[in-house]
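**Student:** pasted the sequence and its predicted model underneath.
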Amino acid sequence: MPLDIVIGTQWGDEGKGRIVDLLAAQADLVARYNGGDNAGHTVNVGGHTFRLHLIPSGIIHPHTIGILGNGMVINPATLVQEIENLKAAGVSITPERLRISFAAHLITPAHRALDQAQEQARGSGQIGTTGRGIGPAYTDKAARHGLRMEDLLDLDTFREKLEHHVATINTWLMRIYEADPLDVQAVVREYTHYATQLQPYIADVGMELHQALRLGKQVLAEGAQGTLLDLDLGTYPYVTSSTPTAAGALLGLGLGIVPVRAVIGVTKAFQTRVGAGPFPTEVFGKTAERLRGTGKNPWDEFGTTTGRPRRVGWLDGVLLRYAVRVNGVTELMITKMDILSGLPTLRLCIAYRYNGHTLQDLPLGPAHLEPFEPVYEELPGWMEDVTTVRRWDDLPAAARAYVRRIEELCGVPVRRVSVGPERSQVVEVTP
Ligand code: IMP
């Protein structure tokens, strides 16, 4: 009963959607377990680009069932829109193919307004949230007065809860943040409409996953964001409010640990980050422009959800090793190797320096990165375009050496590298 978990080892945007799409070809169920529409997965198939924020990207394979787990916070407006967009693109979305946990929490316009007001109030200490209401929705969950998908099943009670919820946040918006209140009845009308559309999809997905695993079906759990944005294990407080790490898959889907077969860590060949927070290997100027791209291509380093340019830098091997450890990563995939083509020299952070000492690991975890200076190892780059390469042996020797060095640093095998955005542009690594 195999459960494979795909997680990001960095600050999100590692290209997890790509590998999920690839592995979903063999999976029976694909499941998202954390976060909400702060995530953005881009999948390119046959020239068509799918941008998904909530529905697991594996659903593009016609044989799979897509699951939204209890660990998620779901904005029904985004979900309904996404269902429509997928249907319009010819993807079949039915209550048989898309299952939403009754215990997933709802995001409302009040959460979004509060997220934005709180972020503004942080002034120079802004986290750089996506403004999608993620933090306030998880805050309500922890405070035990959140709205859950199951509330949509009883409209009378739901309307009452929703009115109370919006009215309460309106008070905060006006009294604390001097922001405009929301129209309570307009939100209630809008959400009543979503309720009727989403009711058929609501299910006990934990039970369904358990039964599927017992029957020997393959489940692929798809993490959103990345390890360094994990509420507990990331660069706190510059994190999201959920658990993108592997343990979050179990909690966020309602499963025990026994079925886990593999934890697949996805890392970009370099480092990126959206929003504020420490970033020891960040680069600026020409190298940054080179790594980021201009924004013309869908794969350039601009946020899928917010369009913000991403901060970019050299691959941080210390943080990667940390991510491998806290997730129990069993294998890695390195994405975007093609972007490094043409750089004469690559830098790889292998340790940190602090007060004249060289440290191989983080003494107090990733929340305390500021004082550290990266120790770089320089490796030769490669000039060749690798986008058409499909066999490991056909990659330039310098590209293979870069991959081997990452394996050595992290102690886990790199199983695949991607050399372009298309489904076919993946190279299996020979051990
Ligand atoms: P929030 O999740 O909107 O609260 O944002 C918290 C932090 O996580 C911010 O720095 C965001 O830029 C970052 N973040 C949230 N979702 C993603 C994602 O899918 N990719 C990359 N960064 C993200």
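**Tutor:** That came through, no problem.

**Student:** now do the same contact list for the residue in the stretch 1-150 of the chain that the ligand sits nearest to.
**Tutor:** Of all residues in the stretch 1-150 of the chain, the one sitting closest to the ligand is Gly12 (2.8 Å; C-beta to the nearest ligand atom). In this view, the C-beta of every residue, glycine as well, is placed from N, C-alpha and C. Residues in contact with Gly12, defined by C-beta atoms under 8 Å, 6 or more residues apart in numbering, are 39, 224-226, 229, 244, 274.

**Student:** element containing it, please.
**Tutor:** Following DSSP states H and E, there is no helix or strand that holds Gly12.

**Student:** equivalent analysis for Glu378, please.
**Tutor:** Per DSSP H and E, Glu378 falls inside strand 373-380.

**Student:** Phe50 now?
**Tutor:** strand 48-52.

**Student:** re earlier: quick one: distance of the strand holding Glu378 to the chain centre.
**Tutor:** Centroid separation for strand 373-380 versus its chain: 27 Å, with C-alpha atoms, centre = their mean, to the nearest Å.

**Student:** tell me which residues in the helix or strand that that strand is followed by are buried?
**Tutor:** For strand 373-380, the succeeding helix or strand toward the C-terminus, using DSSP H and E, is helix 397-410. With burial defined by 16 or more other C-beta atoms under 10 Å, the residues of helix 397-410 counted as buried are 398-400, 402-403, 405-407, 409-410.

**Student:** do a quick rundown of the helices in this structure.
**Tutor:** All helices of the chain, identified by DSSP state H, fall at 16-23, 76-88, 109-121, 134-142, 155-175, 184-198, 205-214, 246-253, 285-292, 317-327, 397-410.

**Student:** could you tell me which residues of this protein lie near the ligand?
**Tutor:** Proximity of the chain to the ligand, by C-beta under 6 Å from any ligand atom, involves residues 11-13, 38-40, 127-130, 132, 134-135, 224-225, 229, 238, 240-241, 274-275.

**Student:** quick check: mean pLDDT of the strand holding Glu378?
**Tutor:** Strand 373-380 comes out with an average pLDDT of 98.

**Student:** any idea of the angle it forms with helix 397-410?
**Tutor:** 150 degrees (axes from the mean of the first three to the mean of the last three C-alpha atoms, to 10 degrees).

**Student:** what lines up beside strand 373-380 in the sheet?
**Tutor:** When pairing is defined by DSSP bridges, strand 373-380 lines up against strand 345-354 (antiparallel).

**Student:** C-alpha coordinates for the partner strand, PDB please?
**Tutor:** Provided in PDB are the C-alpha atoms of strand 345-354 (Å, rounded to 0.1, in the frame of the first residue of the first chain):
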ATOM      1  CA  THR A 345      31.100  28.900 -13.100                       C
ATOM      2  CA  LEU A 346      28.500  27.700 -10.600                       C
ATOM      3  CA  ARG A 347      28.600  28.400  -6.900                       C
ATOM      4  CA  LEU A 348      27.300  25.900  -4.400                       C
ATOM      5  CA  CYS A 349      26.900  26.800  -0.700                       C
ATOM      6  CA  ILE A 350      28.400  23.900   1.300                       C
ATOM      7  CA  ALA A 351      28.800  25.400   4.800                       C
ATOM      8  CA  TYR A 352      28.200  28.700   6.700                       C
ATOM      9  CA  ARG A 353      30.800  30.900   8.300                       C
ATOM     10  CA  TYR A 354      30.100  32.800  11.500                       C
END
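
**Student:** so which bits of it are buried?
**Tutor:** Those buried within strand 345-354 under the rule 16+ other C-beta under 10 Å are 346-352.

**Student:** that older thread, nearest to Phe372, of the helices of the chain?
**Tutor:** Among those, helix 317-327 comes nearest to Phe372, with 8.3 Å by C-beta to C-beta.

**Student:** still on that earlier bit, need the helices of the chain in a markdown table (columns: mean pLDDT).
**Tutor:** Shown next, in a markdown table, are the helices of the chain (pLDDT from 0 to 100):
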| stretch | mean pLDDT |
| --- | --- |
| helix 16-23 | 86 |
| helix 76-88 | 94 |
| helix 109-121 | 97 |
| helix 134-142 | 98 |
| helix 155-175 | 98 |
| helix 184-198 | 98 |
| helix 205-214 | 97 |
| helix 246-253 | 98 |
| helix 285-292 | 95 |
| helix 317-327 | 98 |
| helix 397-410 | 98 |
